[in-house]
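>>> Test case, fold it:
(chains A and B)
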Number of protein chains: 2
Amino acid sequence: MEKISAEDALSLVLDKVRPKEASQNITINEALGRVCACTVYAPIDNPPFDRSPFDGYALRSTDSAGASPEKPVRLRVAGTIYAGDACTKRPEAGTAFRIMTGAMFPAECDCMVMQENVRLENGGAEILISGPVGAYENYVRAGEDIRKGQLLMEAGERLSFAHLAILSAMGFEDVSVKSLPVHGLLCTGDELASAGAPLPAGKIYNSNETLIGLRLRELGFVPRILPVSGDDAGMVASKIDAVIEELDTLITTGAVSVGEKDIFHDVFKILGVEKLFWRLNSKPGGAILCGIYRGRPLLCLSGNPFAALTGFELIVRPVIGKIASRSDLAIRKQRVKLDGDLAAKPIRRFIRACIENGTAKFPAEHMSGQIFSIIGCNCLLDIPAGAALDAGSEAEALLF
Amino acid sequence: MEKISAEDALSLVLDKVRPKEASQNITINEALGRVCACTVYAPIDNPPFDRSPFDGYALRSTDSAGASPEKPVRLRVAGTIYAGDACTKRPEAGTAFRIMTGAMFPAECDCMVMQENVRLENGGAEILISGPVGAYENYVRAGEDIRKGQLLMEAGERLSFAHLAILSAMGFEDVSVKSLPVHGLLCTGDELASAGAPLPAGKIYNSNETLIGLRLRELGFVPRILPVSGDDAGMVASKIDAVIEELDTLITTGAVSVGEKDIFHDVFKILGVEKLFWRLNSKPGGAILCGIYRGRPLLCLSGNPFAALTGFELIVRPVIGKIASRSDLAIRKQRVKLDGDLAAKPIRRFIRACIENGTAKFPAEHMSGQIFSIIGCNCLLDIPAGAALDAGSEAEALLF
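Just a heads-up that it's a prediction; the model follows:
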């Protein structure tokens, strides 16, 4: 099978997957970061009633006509309306109501005057107003923020604290969200040892499960971690067969290169996986094998940690983004200035880097097995085959 | 008490709080986004042994001396070393080992040649090498990525998937992290109704609990939500008194302005809270009252949702950032271009906006009670008192 570009490879997989349609009702409190599954219209106005924006006195604007510092208008205070009060009172001519911030306006009152701007008389039983107050001055109308029936949010929007606060203000207790896709993660390799015990000679601790598993969590998913497998194609195949129906995708690491124990070629044959591509024409992460098995993508990444991460960002992230209806997980590019020189290489490379104020810094050491320099990186520089780039020149970065 | 600037107010609180010192051991898998509590040095090399970066043949470089396409060197294949094998073999002169990617180099072999670059003879029992292979060519040395004893991470670093993958590669099962501060959230107001039932006249649904509670969750905290309280200072005071020792801070909403039911002034008196400030010389969110009670900050925000959010971003976020040793929660500023005009007002304002490519778009409507336009906002524009700004002019933005 020909090596292909990351873009062509991604298209092949994207063409085969569809957004997950299942949805579920969950409480507002659980819904942070989830994807809205339906169109939501406002069931009520916000504010729900005409209300006062300040502490002061509600009145009919007509009652303040002609008021001046020299000839203030005197109004009798007929009662107090607190926030939360169901206000059924109507003011008689020449009266005002003490009204608190957020309280409902009495019928016929069409304005209020802030308490700093009135003079109290007779122990607060009366007030003096020293200027006319306009109709609807200091007056917040029902629906000024949100009008009943208005479109609030649409299917596909990712719910932030702001979306969810609005749903709360509308009285919703729960919200319909897209069901979270379940991504299986299977790390393979006879060389993988378990943490917490001394390392046998020739073995390495499994860091891919953490790298890919926690990257998935960072993106809002809860991966289904499968027990680590040795390099036995038959066993791996039956493991996949047993679990695939419970998953939306299966992501694996290891055993996808050209060695004798690169068992995923056999696994694909055993299961009859529809192979989409094997190997990208770029490094690292070029060793990636993808296929469709029983409708689910099998996304088989390199066992080299940084190669696995590169394959994850180039292929897996956009694929699981489409399945989850998460446009924020699609490939995002930015032109950046390079902070150092890059010698030409015969193959397209993706180099870990950190963008700060438009300039990309990258570590001197960036071999695919090296993981220490992943800390702090926020992008992959996309360096074309044959390009020799000097510090200060521009390159395209794929943002994490 | 004088109104003060947001900066002075923040300093007053920051001076009174200290980073939480408690730490706990948790598994690597639980530690995403948590703050490292100790200095971590590498207990082993990474890679842990000299290993092969490709599939091919390991040999002594001296055995390949003089090889050429015309006069290739013939080596006998003495065995195969797979990734994970404990390699104790030594090659006799004139022999090579088949070696897989990630496998341990045999003693005395100091290079390898990729399988694409050899010719197999006698069914793979021998190989022909058509050029000399240099010492340490295609040779990954132990510790090339991480050297045993090297500083890996320091107390205070926020743990990303990359940090945690490195800890996994080092064989750690768990990590010491700062204990997560617990922030209480108490929404007050007789006007607050519960979601899920019809709205009584004059009442509003409580959106502040969602707004501030989920903003806290977005920032990595798990708030302790206290039941909503009515406007009774004595009851609120005893509620706070009963729970304060279990909290690192208490955040409240509502009842901090100048109205009769703005009970927090009384709550502070009843409890004997050390008052730090009341009211900022800016809008919205100016109505904010802060004090220290039994060593904990009481951070009392406005009941108006956007005013509450503004007070949260200006004061609460940096304060809880200091307590949590999270420098990413400090105030972060950026100069931006304005997308529209802003008329001069006599008071400093913070206006919700969305920065895209250095330009800030802001909604026409941005009163403090309006919440719909919070969706999509990622900053507060800091507009000085008296400043009239035209589209295209610059302003400072405080990033969410």
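>>> Confirm residue A:321 sits in a helix?
Yes. Remark: residue A:321 belongs to a helix, assigned using DSSP: H, G, I helix; E, B strand; the rest coil.
>>> correct me, but residue A:37 touches residue A:178?
Yes. With contacts counted by CB atoms under 8 Å, residue A:37 reaches residue A:178, the gap being 4.9 Å. From N, CA and C alone the C-beta is placed, and that goes for glycine too.
>>> Who has more neighbours out of the two?
Using other CB atoms under 10 Å in any protein chain shown, the more surrounded residue of residue A:37 and residue A:178 is residue A:178, with 23 against 20.
>>> beta partners of the residue nearest to that one when sequence neighbours are not counted?
In space, and not counting its chain neighbours, residue A:178 is closest to residue A:35: 4.3 Å by CB to CB, 6 or more residues apart in numbering or on different chains. As for beta bridges, residue A:35 partners with residue A:158 under DSSP bridges.
>>> isn't residue A:35 right next to residue A:325, touching?
Yes. Here residue A:35 reaches residue A:325: they are 4.9 Å apart, a contact under CB under 8 Å.
>>> hey, what's in contact with both of residue A:37 and residue A:178?
Both residue A:37 and residue A:178 are in contact with residue A:23, where contact means CB atoms under 8 Å, 6 or more residues apart in numbering or on different chains.
>>> quick revisit: mutual contacts of residue A:35 and residue A:325, please.
Contacts common to residue A:35 and residue A:325, judged by CB under 8 Å, 6+ apart, are A:155-156, A:178.
>>> between those, which is closest to chain B?
residue A:156 (13.8 Å; CB to the nearest CB).
>>> Where does the closest one sit, in terms of helix or strand?
Using DSSP states H and E, residue A:156 is not contained in any helix or strand.
>>> these two touch, right, it and residue A:325?
Yes. Using CB under 8 Å, residue A:156 is in contact with residue A:325, at 5.3 Å.
>>> These two: which has the busier surroundings?
residue A:325 (19 against 15).
>>> Confirm that that one sits in a strand.
No. Looking at residue A:325 with three-state DSSP, it is coil, so not inside a strand.
>>> I figured it was touching residue A:20, is that so?
Yes. Using CB under 8 Å, residue A:325 is in contact with residue A:20, at 7.4 Å.
>>> shared neighbours, the two?
Residues touching both residue A:325 and residue A:20 (CB under 8 Å, 6+ apart): residue A:178.
>>> Enumerate the positions of stretch A:216-225 that are buried.
For stretch A:216-225, burial by neighbour count (16 or more other CB atoms under 10 Å in any protein chain shown) applies to A:216-217, A:219-221, A:223-225.
>>> ranges for the helices of chain A?
Using DSSP state H, the helices of chain A run over A:6-14, A:161-169, A:208-218, A:233-243, A:264-271, A:305-311, A:317-323.
>>> what does stretch A:228-246 contact?
Contacts of stretch A:228-246 (CB under 8 Å, 6+ apart): A:182, A:184, A:186-190, A:192, A:194, A:206, A:209, A:224, A:226, A:250, A:255, A:261, A:263-264, A:266-267, A:270-271, A:293-294, A:296, A:298, B:82.
>>> Can you give me the pLDDT of the residue lying closest to residue A:193 once chain neighbours are set aside?
Nearest residue to residue A:193 in three dimensions, chain neighbours excluded: residue A:203, at 4.1 Å (CB to CB, 6+ apart). Residue A:203 carries a pLDDT value of 97.
>>> again, but for the one 5 residues further on
Reading off the confidence values, residue A:208 has pLDDT 97.
>>> and the nearest residue to residue A:114 once chain neighbours are set aside, what are its bridge partners?
Nearest residue to residue A:114, sequence neighbours excluded (CB to CB, 6+ apart): residue A:56, at 4.3 Å. On the basis of DSSP bridges, residue A:56 is bridged to residue A:99, residue A:114.
>>> interface residues of the stretch 1-150 of chain A facing chain B?
Residues of the stretch 1-150 of chain A lying close to chain B by CB under 8 Å from any CB of the partner chain are A:28-29, A:32-33, A:44, A:46-49, A:53, A:55, A:80, A:82-87, A:100-104, A:115, A:140, A:144-146.
>>> Give me the buried subset of those.
A:28-29, A:32-33, A:44, A:46-49, A:53, A:55, A:80, A:82-85, A:87, A:100-104, A:115, A:140, A:144-146.
>>> Might you enumerate the residues of the stretch 251-400 of chain A proximal to chain B?
The stretch 251-400 of chain A comes close to chain B at residues A:257-261, A:303-305, A:365, A:367, A:369-372, A:374-377, as judged by CB under 8 Å from any CB.
>>> The same query, at a cut-off of 10 Å, please.
A:254-255, A:257-262, A:287, A:302-306, A:308-309, A:352, A:365, A:367-378, A:400 (CB under 10 Å from any CB of the partner chain).
>>> Sitting in strands, which of those residues do you find?
Within these, residues falling in strands by DSSP state E are residue A:352.
>>> Of the residues of the stretch 251-400 of chain A next to chain B, keep whichever come out buried.
A:254-255, A:257-259, A:261-262, A:287, A:302-306, A:308-309, A:352, A:368-375, A:377, A:400.
>>> which non-adjacent residue is nearest residue A:87?
residue A:104 (4.3 Å).
>>> quick one, what contacts the spatially closest residue to residue A:375 that is not a sequence neighbour?
In this structure, residue A:375 finds its nearest non-sequential neighbour in residue B:162, 4.8 Å apart by CB to CB, 6+ apart. Counting by CB atoms under 10 Å, 6 or more residues apart in numbering or on different chains, residue B:162 touches A:210-211, A:214-215, A:305-306, A:309, A:352, A:371-377, A:400.
>>> what does residue A:53 give?
A:47, A:101-102, A:112, A:114, A:138-140, B:304, B:367-369.
>>> Can you redo those as JSON lines, where the extra columns are pLDDT and distance to residue A:121?
Output for the contacts of residue A:53, formatted as JSON lines (pLDDT from 0 to 100; distance: CB to CB, whole Å):
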{"residue": "A:47", "pLDDT": "96", "distance to residue A:121": "32"}
{"residue": "A:101", "pLDDT": "90", "distance to residue A:121": "23"}
{"residue": "A:102", "pLDDT": "92", "distance to residue A:121": "26"}
{"residue": "A:112", "pLDDT": "97", "distance to residue A:121": "18"}
{"residue": "A:114", "pLDDT": "94", "distance to residue A:121": "17"}
{"residue": "A:138", "pLDDT": "96", "distance to residue A:121": "21"}
{"residue": "A:139", "pLDDT": "97", "distance to residue A:121": "24"}
{"residue": "A:140", "pLDDT": "95", "distance to residue A:121": "28"}
{"residue": "B:304", "pLDDT": "92", "distance to residue A:121": "31"}
{"residue": "B:367", "pLDDT": "76", "distance to residue A:121": "32"}
{"residue": "B:368", "pLDDT": "75", "distance to residue A:121": "31"}
{"residue": "B:369", "pLDDT": "76", "distance to residue A:121": "31"}
